[in-house]
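1. Based on what follows, work out the 3D shape:
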Amino acid sequence: MEEDVTKIWNLSKVKSDLEKAYTNNSEEELLSILKDNSFLFYELHSRKFTMQPVFREISFGGELRCDFAWLNDNSDGPEWILLEVEKPKMKLFTKKDEPGADLNHAIEQVRSWRRYFNNNIGEKRRIFGAVKRFKFIIVGGSKEDWYSENATKWRMDFNNEENIEIHSSDIFVRPLQILEKDPGALFAFAEHPVCLNHQKLKDYWSHYEYMTKFINLV
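-> Next up, the predicted model:
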């Protein structure tokens, strides 16, 4: 199994491309790498051994779009993860440990998703089939921005109040070590090695038996 997993992704190329994207502080380069390497989402998945496929570029409401989305098929109902990816070196905080303009913009973008689906139940069902709840995630900036005590306290409070998780871009780097040292841990990701086009989303959930029992319940 481990040998098969290591053949799916080109570790040296992914590592090199990721380093380049971070050096260039390029959101576009990072998104391009992520869509072809699902294992980089490893630490963002709560259901690592039964992970469902990741979908990319889901558009809604005319001008809104999330970068990636996937389903957590929990026993109490479908939880959809919506992910916003920002620049790897996005400045998260000011010198006064207050959220910077780029971080505030990303937060407001995710809030706009939440407002849209709260106000457009039909669209939510059309796109996702059934939703017990959404979980929103923002990834951007470097881990060093979280070193101060005030920044850490702010994130803890924000995550609790907003139901929006914020992670540094380093969360995409750590899975490289897993692929190198413990590739067997990625066996579920190997079944869905790349992110799928958003046009396949409806076909996915409409043919997934788990979803059919919740469509009329939530």
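2. May I ask which helix or strand of this structure has the lowest mean pLDDT?
-> Here the helix or strand of the chain ranked lowest by mean pLDDT, DSSP states H and E is helix 2-8, holding a mean of 76.
3. Please spell out which residues along the following helix or strand past it are buried.
-> Using DSSP states H and E, the next helix or strand after helix 2-8 towards the C-terminus is helix 11-23. The neighbour-count check on helix 11-23 (16 or more other C-beta atoms under 10 Å) flags 14, 17-18, 21-22 as buried. Glycine gets a C-beta too; all of them are placed from N, C-alpha and C.
4. Near Glu98, how many other residues are there?
-> Using other C-beta atoms under 10 Å, the number of residues around Glu98 comes to 12.
5. Residues touching stretch 103-116, excluding its own?
-> 60-61, 64, 66, 82, 84, 86, 90-93, 99, 123, 134, 136, 138, 140-141, 162, 164, 166 (C-beta atoms under 8 Å, 6 or more residues apart in numbering).
6. next one: stretch 139-152
-> 44, 83-93, 97, 102-103, 106, 155, 166-172.
7. circling back to that earlier point, take the contacts of stretch 103-116 and keep only those in strands.
-> Counting by DSSP state E, the part of these found in strands is 60, 64, 66, 82, 84, 134, 136, 138, 164, 166.
8. Need the buried ones from these selected in ChimeraX.
-> Selection of buried members from the ones in strands among the contacts of stretch 103-116 for ChimeraX, criterion 16+ other C-beta under 10 Å:
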select :60,66,82,84,134,136,138,164,166
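9. Take the ones in strands among the contacts of stretch 103-116 and write them to JSON lines, including distance to Arg114 and pLDDT.
-> Listed next are the ones in strands among the contacts of stretch 103-116 as JSON lines, based on distance: C-beta to C-beta, whole Å; pLDDT from 0 to 100:
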{"residue": "Phe60", "distance to Arg114": "12", "pLDDT": "95"}
{"residue": "Leu64", "distance to Arg114": "11", "pLDDT": "96"}
{"residue": "Cys66", "distance to Arg114": "11", "pLDDT": "97"}
{"residue": "Leu82", "distance to Arg114": "9", "pLDDT": "99"}
{"residue": "Glu84", "distance to Arg114": "12", "pLDDT": "98"}
{"residue": "Phe134", "distance to Arg114": "7", "pLDDT": "97"}
{"residue": "Phe136", "distance to Arg114": "7", "pLDDT": "97"}
{"residue": "Ile138", "distance to Arg114": "12", "pLDDT": "96"}
{"residue": "Ile164", "distance to Arg114": "8", "pLDDT": "92"}
{"residue": "Ile166", "distance to Arg114": "15", "pLDDT": "92"}
